[in-house]
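>>> Okay, here's the prediction I keep looking at, along with the sequence it came from:
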Amino acid sequence: MIKLIFVSILATLFLAGTFATLTGCSTVAGGGKEMEQGGKAVKDEANENK
């Protein structure tokens, strides 16, 4: 009985960790795209004002 509870808790923690990691990666990737677009806008503005 204790072994079943331990395995259930371990599986839950593993799945929660996996979900958190995947969610974090998506957030970082989205942030990188936004920063890239911001950099492009600054570069374009600098080229216009040369």
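Yep, that arrived.
>>> make it CA atoms for all contacts and neighbour counts henceforth
Noted.
>>> how much space between Glu36 and Thr23?
For Glu36, the distance to Thr23 equals 20 Å [C-alpha to C-alpha, to the nearest Å].
>>> quick one: low-confidence parts of the protein?
Within the chain, the stretches with pLDDT under 70 are 22, 24-29.
>>> Would you map the helices across this structure?
Per DSSP state H, the chain carries helices over the ranges 2-48.
>>> How many residues are close by Phe6?
If you count neighbours by other C-alpha atoms under 10 Å, Phe6 ends up with 11.
>>> oh, I was asking about Lys40
Look at Lys40: counted by other C-alpha under 10 Å, it has 12 neighbours.
>>> and if you look at Gly30?
By other C-alpha under 10 Å, 12 other residues sit near Gly30.
>>> try Val42
Val42, neighbours per other C-alpha under 10 Å, totals 11.
>>> Repeat that for Lys43.
Neighbours around Lys43, by other C-alpha under 10 Å: 11.
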